[in-house]
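K.L.:
Test case, fold it:
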Amino acid sequence: IHKDPERFELIKKMWELMLTGNYTPPKIASIANKEWGFKTPKGRTLLRSTIYRLFANSFYYGYFEYPVGSGNWYKGNHEPMITQKEYDKVQILLGRKGKPRLKRHSFAFTGLIRCGECGAMITAEEKNQIICSKCKFKFSSNNRLECPKCTTPIEKMKNPTILHYVYYHCTKRINPDCTQGSIEAKRLEKQIDRYLSNVQISEEFKNWAIKYLKEESEKEVSSRENILASQRKAYNNCLKKLDNLFQLKISPLNNDGSLLSDEEYAKQKTELVREKARLEEILNDVQGRVEKWLEAGEKAFNFARYARYWFSNGSSQEKAQILKALGSNLILKDKKLEIQLQTPLTAIGQIVKRVPAARVRFEPKKFGQNEAKLEGLYCKNPIVLRAMHKVRTWIMGNAGDFWAPDFKEIP
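P.N.:
The predicted structure is shown next:
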């Protein structure tokens, strides 16, 4: 799908006029026809019905429903003309005459958090309000076409103030009488940001921590080789036992099964085959496991360094990924979010709390405080070393259980 070179910028200007709140759709159509000389692909002027359909079309902010009326929505790979927020504002100005967009794109944290009182899932809803530009009365814009106080039509208001809120609350599907109230999305995000700030580390500490993990892994190369040699020996012995067992089974001396019965042969063979498979898995995955836990360790420290930035500046999907990566048992009770942090992040949080040099600094570095000096400080600090040992030990045993978005840097 390509831009229409003749009409793309003109239609974009129509959206811009509508977003000011100072023009009605018929007025914009008149301007386009008379002042801009706008023509449709069939060479016709813009009709009143066409301009309303244009401003109700979600395709302009990047989404479309297919088949129409099916409820199946897709994100197109074309360049959006407007943002989703701008589309929503126009729908409010039109008094919700337009097609409602797919609501599930708006809420980052649904399906992740449970109510601390009844255990039901936390859901979300949005509320839109307008402050009438004529009488200054604030009212809900849902299902309204005019101000309930002065009856001014929304689409004729000149630059009205539009307020948009998202609230999270218990679904009450387990207990309809659950007493938990709702919390605004901004307040919930502040609490999540507080968790992220408690594990946020400096760029210098992140670099040192990843370097430390790699150096510790290299120190164990000889130890891993010894273990690997031992496992190879055990594997070869297992193969020899299987061969000896087979030779005994087919031996002429065992024609009557007196040396090895069919049942005993089957039993011993099953045990040896199982042991062979176990040893093969170890031999084939030694290097893979090392790479896997090093990658998990790198992800943990990259997450601690960059997640707070991406939570503040990322999309709804990225915010959901960050909350999911923070930990488990996400509980919302009395408008307070509780998170059981992943073990590596708990250990990193201990470093951030007790070692100021590992934290993000907002003031310039002190003269002479270079990276080498900081690395020397980290290597000698028992708090840092204990926490790093905890991170490394947990990840070595649970690398497959650790998950975090693959954040690389801050632009």
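K.L.:
Show the low-confidence segments of the chain, by residue range.
P.N.:
Counting by pLDDT under 70, the chain has low-confidence residues at 70-71, 96-106, 143, 220-228, 281-290, 362-371, 399-401, 408.
K.L.:
ok now do the residue most central in space within it, which residues does it touch?
P.N.:
Here the mean C-alpha position of the chain is nearest to the C-alpha of residue 321 (CA atoms, centre = their mean), at a distance of 1.7 Å. Residues counted as contacts of residue 321 (CB atoms under 8 Å, 6 or more residues apart in numbering) are residue 405. Bear in mind the C-beta positions are built from the backbone N, C-alpha and C, glycine included.
K.L.:
do the same with residue 192
P.N.:
Residue 192 is in contact with 311, 319, 322, 323, 326, 337, counting by CB under 8 Å, 6+ apart.
K.L.:
Backbone dihedrals for residue 114, please?
P.N.:
Backbone torsions of residue 114, given as degrees, to the nearest 10, read phi -110, psi 150.
K.L.:
State the distance spanning the first to the last residue of stretch 51-61.
P.N.:
End-to-end distance for stretch 51-61, by CA to CA, to the nearest Å: 16 Å.
K.L.:
Tell me which residues of that stretch come out buried.
P.N.:
Under the neighbour-count criterion of 16 or more other CB atoms under 10 Å, stretch 51-61 has 51, 52, 54, 55, 56, 58, 60, 61 buried.
K.L.:
wait, which of those is closest to residue 199?
P.N.:
Nearest to residue 199 among the buried residues of stretch 51-61 is residue 61, at 34.8 Å by CB to CB.
K.L.:
got the contact list for the residue of the chain positioned farthest from its centre?
P.N.:
For the chain, the residue at maximal distance from the C-alpha centroid (CA atoms, centre = their mean) is residue 253, at 67.2 Å. Contacts for residue 253 (CB under 8 Å, 6+ apart) come out as residue 259.
K.L.:
Then residue 18 would be within a helix, right?
P.N.:
Yes. Per DSSP: H, G, I helix; E, B strand; the rest coil, residue 18 lies within a helix segment.
K.L.:
which of the contacts of residue 192 lies closest to residue 76?
P.N.:
Checking the contacts of residue 192 against residue 76 by CB to CB gives residue 319 as the nearest, at 22.5 Å.
K.L.:
The closest one - nearest residue in space that isn't next to it in sequence?
P.N.:
Spatial nearest neighbour of residue 319, chain neighbours left out: residue 108 (4.3 Å); criterion: CB to CB, 6 or more residues apart in numbering.
K.L.:
where's the one you found relative to residue 63, distance?
P.N.:
17 Å (CB to CB, to the nearest Å).
K.L.:
Could you look up the SS state of residue 274?
P.N.:
Of the three states, residue 274 takes helix under three-state DSSP.
K.L.:
Equivalent analysis for the one 3 residues further on, please.
P.N.:
Reducing the assignment to helix, strand or coil with three-state DSSP, the entry for residue 277 is helix.
K.L.:
Which strand or helix spans the residue nearest to the centre of the chain?
P.N.:
Using DSSP states H and E, residue 321 sits in helix 316-326.
K.L.:
any idea which helix or strand comes after that helix?
P.N.:
Using DSSP H and E, the helix or strand that follows helix 316-326 in sequence is strand 327-333.
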